[in-house]
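# Turn this into a model:
(3 chains)
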Amino acid sequence: MILAITLSELSRVLVLGVINGAIYSLIAIGLVLVYKASGVFNFAQGEFGTIAIYGSYIAITSFNLPYGIALIIGLLAALGMGLLTERLVIRPLFDAPRVTLLVATAGVALLAIGVEFWRTANEPLKFFSSIVNSPSSLDRVSPFGVAVSDQRLITLGVLVVAAVLLFLFFRSPLGLAVLAASQEPVASELVGVSVRRISTITWGLAALLGGAAGLLYAGGSQFSPGLITAAVLIPGFTAAIVGGITSLPGAAAGGILVGVLQALGSLSTFDSIKGASFVSVFVVLLAVLLIRPQGLFAGRS
Amino acid sequence: MSAPEPMPTEPTTLLQTHNVNIRFGGVQALRDVNIQINEWEIVGIIGPNGAGKTTLFNCITGFYAPTSGRVRYRGEDVTDLPVHKRTNLGMGRTFQNVGLVKSSTAGENLKTAQHLEVDYDPLAGIFGSPRTFDVEQHTTDRARAILDLMGLAHLEDTRVQGLPYGVLKRLELAAVLATDPDILLLDEPGSGMGPEEAEELGDLLLKLREEFELTIVMIDHHVPLVTRISDYMYCLNFGEVLTEGLPDDVRRHPEVVRAYLGDDPDEVQ
Amino acid sequence: MAIDDQDLAAATVGASPGAPTAAGWIARAGVMALIGWTVLCYPTNVLSPFTVGGVEANAASEAVIFAVIGLSLNVLIGYVGTISLGHQAFVGIGAFTSAYVVTEMGQEFFIAALVAALVGAAQAALLGAVSLRVTGLYFGLITLSYGIMTQESIFQIESLTGGTAGQPAPRPLGFESDFRYYYLCLIVLALVVFLDWRLIASKGGRALLALRENPRVAATWGINVKAYTVLGFAVSGLFAGLGGALLAHRDTNVVANPFGLNLALVFILMTVIGGLRNRAGVVVGAAFFALLRNGELLEILHVDNLFASDPINLTAEVLPLVLGPIMLLLTITLFPGGFGQLTSTLGRWLRGGSFKFVKADKEVQITDVRA
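Residues are numbered from 1 along each chain as shown, chains lettered A, B, ... in the order given. Predicted coordinates:
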């Protein structure tokens, strides 16, 4: 059966998997950041992305702003949502059981989706243009003979840039403070680190990452309410867990891994299994949680 | 100073640990601990914080598995038995920070604790077979009776959370009694008590031993309390049995004094 | 003639302070009658002294079915203390099973519903076994993934689920009309309420509540925590399976489409807003949400046009999507007892107590006892 897969199909799947994986990585990094800061799985992480898309879209269509400005507006929309969530939902529930917080973030996600439906009642499906409009025949890069559009290249580029920036950030005094606060909140307060401020910064960062992921994912395709939550959040969660829920580099690597595994599910050998790509992600999640819950890449939990 | 009543029969060994060792990571929490509890005795376990007393209890009751060594109850090796099965055999246990279901009422706690006594299949309970109503009434009555015994009958319908600490400890004791134990393992029952309360607690434990034919093992820091009511004592330190013997001998033992106070034997009350 | 204290005492002995007067009891009886009429007569326009316009019986059935599902999820979240973000799969499996048993195996509805309940219990028990190894938030993720995977994979298997056309699920004999089907749903709800009541009043439910808050103490009291956890899941699955069967035959056709993440979140919403561990609250909360979602509630209150017009532009389909999460967040942050606080208040009054707002119990921190 394996022989029936042509090399070209395999390479197409792999390349696609890596690129999708890059988006999952961005979401996963946001999830890990929030988990480290607030101890909760942020269900609203996907909606940071969808809100960014809607924000940009409205900027382009209703206000006729140039694409670049619109992207920034989208990111700002996501940022606003993240900060509001942190202030109105997360902070009051600081001492609540973690499951309650989880449900609360789910509520935030649902509210965002509801608002998205509200504002688009007539026409749920919209089209979001890509950063660079290049027909696929004009590929600059073709790894293994697989055409990769500019949009996808840029996605990978953003991930790399984000990874580098985060790496530098966590070496900076502010970044170190964030890490310290996530591990030892009381001690950090005592040495003058404001846990409140750290919480705000972390959620802001996570929202920006989510927003970026959304904008990159939707570029050049249709979008509808709740898009990023439906399509990206679960692989993102799986990636974060595979990487070890407290490991940022793990989340990045986990994203790529999940992307590839999910793409493998779409190979023609698995055509007979309905929804194989969903099954593969579920199996990976289950396997990691049952066998090695601390994740594949985590050093210490 | 009330000496324990002489027991009518030959003492039989109820609980034993054989060379129990527990290692957590790099720390040897218990080292070759051998203790023996005879039926109807009150045995006191003392020792400074971190000596391994609670770890020993966890081992005996099944929350920890020893790295090596065995635990025997009535001659039977129970080392691999899960916690709830040991309760079935007659082990009852209290916790340092009170072990109760705080979101339920006192009465419900007492009914829950009678789990093993409630004589029907859980499925029968769900489907409401007529017999379950009768058994439930009996369970409620018994819960009330035990609450009454401990002077807590008025709290039957009161939610546990928020009750004063002393009341919680008595309630926890009531719940353990509801499990119909043969042996009570009490982890610091006297914590937070002043000398008068500790005295009352001692009397209560003696009374309970008689009325319910119990064996009692207690960890506590109130050395006078423990000395007064115990038939036998162990002192642990650094995971080992430092010394054991009759209460007066143990409390005067220089090593014990040093372990607690690092000081003059005459300083000990 | 001076009235001395003894006479006074004798005169007041019959009427203890705080007990309702005769007028109070009449008022209570009136309210109970009103509630009874609303549930039993209003949706089907039976015994109505006047036609009130009537709720569409099918919409009312959905409210009752959601109540069953809410009770199912309440067992999982409120009693066992875990989370299920894939509960729509429990319900969907029940729905498809019932439809299959009737259509493909030619059995009666009541057999089919029973099978659906048992299948629901079994798949839930499997998940329960997984929960023994994987806890807390991680388990939540597994249920989330399970729910979506079930919809995308298992519900797409044509031989079991009839593909895109769906699986037909005809109404049982004697209950074909919407009105009669509504009463059938009420009967099932009554059954589920009974089972839930007996669960909590028996050793099984007490074991669950104990192991939810304090598994170590539960074990110390002789409770087999693992076994009872799985039992809790099974009961939840049983109720969900029944709910799914009712849903299938209400729509007379089951398709995979509705059983997605959105539905899972609606279920969570309505159960949490209903008030955990509060049976009446959950029922009311679920019914409220069902009626909000299918637009009936707004119609009854005659405010549907109010929200739909400019500049608000909140149509009936979208309003629950916005209102629901807001209510959820308010419940979590400000009113933890949810609808349950209202039903408890009313319930206490109806039983002869005073009409004082029942404050929500402060949530107990779930910690293991430090052994």
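# quick one, strands of the stretch 1-150 of chain A?
Here the stretch 1-150 of chain A has its strands, by DSSP state E, counting those that start in this stretch, at A:126-128.
# Most proximal residue of it with respect to chain B?
Here the stretch 1-150 of chain A gets closest to chain B at one residue, A:P97, 12.0 Å apart by CB to the nearest CB. Where you see a C-beta, it was placed from the backbone N, CA and C, and this is true even at glycine.
# now that residue: how far from A:T85?
Going from A:P97 to A:T85 by CB to CB, to the nearest Å gives 18 Å.
# more crowded one of these two?
Using other CB atoms under 10 Å in any protein chain shown as the criterion, A:P97 and A:T85 rank with A:T85 on top: 27 against 16.
# The more buried one and A:A44 touch, don't they?
Yes: counting by CB atoms under 8 Å, A:T85 does reach A:A44; the two are 6.0 Å apart.
# Now do the shared contacts for those two.
By CB atoms under 8 Å, 6 or more residues apart in numbering or on different chains, A:T85 and A:A44 have these common neighbours: A:T105, A:V108.
# ok, the closest residue to B:L177 other than its chain neighbours - contacts?
Spatial nearest neighbour of B:L177, chain neighbours left out: B:I146 (5.7 Å); criterion: CB to CB, 6 or more residues apart in numbering or on different chains. Residues in contact with B:I146 (CB under 8 Å, 6+ apart) are B:L110, B:A174, B:L177, B:A178.
# give the contact list for the second one.
If I follow you right, that is B:A174. B:L110, B:I146, B:L147, B:L149, B:M150, B:L152.
# distance of A:A206 from chain C?
According to CB to the nearest CB, to the nearest Å, A:A206 and chain C sit 16 Å apart.
# I am assuming B:P11 contacts B:Q36, so please confirm or correct that.
No: the pair B:P11 / B:Q36 is not scored as a contact, 9.8 Å apart, by CB under 8 Å.
# who has more neighbours, these two?
Remark: of B:P11 and B:Q36, B:Q36 carries more neighbours, 17 against 13, as counted by other CB under 10 Å.
# just the CA coordinates of the helix or strand hosting that one, formatted as CSV?
Using DSSP states H and E, B:Q36 maps to strand B:27-38. Extracted in CSV, the C-alpha atoms of strand B:27-38 (Å, rounded to 0.1, in the frame of the first residue of the first chain):
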residue,chain,number,x,y,z
VAL,B,27,15.5,11.2,49.5
GLN,B,28,15.2,8.2,51.8
ALA,B,29,11.9,9.0,53.5
LEU,B,30,11.7,5.8,55.5
ARG,B,31,14.5,3.5,56.3
ASP,B,32,13.9,-0.1,57.6
VAL,B,33,10.9,0.9,59.7
ASN,B,34,9.5,-1.9,61.8
ILE,B,35,6.5,-1.3,63.9
GLN,B,36,4.0,-3.6,65.5
ILE,B,37,0.6,-2.6,66.8
ASN,B,38,-1.3,-5.1,69.0
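# quick one: average pLDDT of that strand?
Across strand B:27-38, pLDDT averages out at 94.
# near chain C, anything from that strand?
No: with CB under 8 Å from any CB of the partner chain as the criterion, chain C is not reached by strand B:27-38; the gap is at least 12.8 Å.
# Pull out the buried residues from that strand.
For strand B:27-38, burial by neighbour count (16 or more other CB atoms under 10 Å in any protein chain shown) applies to B:A29, B:L30, B:R31, B:V33, B:I35, B:Q36, B:I37, B:N38.
# got the contact list for the fourth one?
Read that as B:V33. Counting by CB under 8 Å, 6+ apart, B:V33 makes contact with B:T17, B:N19, B:V20, B:N21, B:G52, B:L56, B:G69, B:L236, B:G239, B:E240, B:V241.
# just the residues you listed now: which is nearest chain C?
For the contacts of B:V33, the nearest to chain C is B:L56 (11.3 Å; CB to the nearest CB).
# wait, the closest one sits on B:L15?
No: applying CB under 8 Å, one finds B:L56 not in contact with B:L15, separated by 11.2 Å.
# more crowded one of the two?
Between B:L56 and B:L15, counted using other CB under 10 Å, B:L56 has the larger neighbour count: 30 against 24.
# what packs against the helix or strand hosting that one?
Assessed by DSSP H and E, B:L56 sits inside helix B:53-61. With contacts taken as 3 or more CB pairs under 8 Å, 6 or more residues apart in numbering or on different chains; DSSP states H and E, helix B:53-61 sits against strand B:13-24, strand B:27-38, strand B:42-46, strand B:91-93, strand B:183-187, strand B:215-219.
# Alright, that wraps it up for me.
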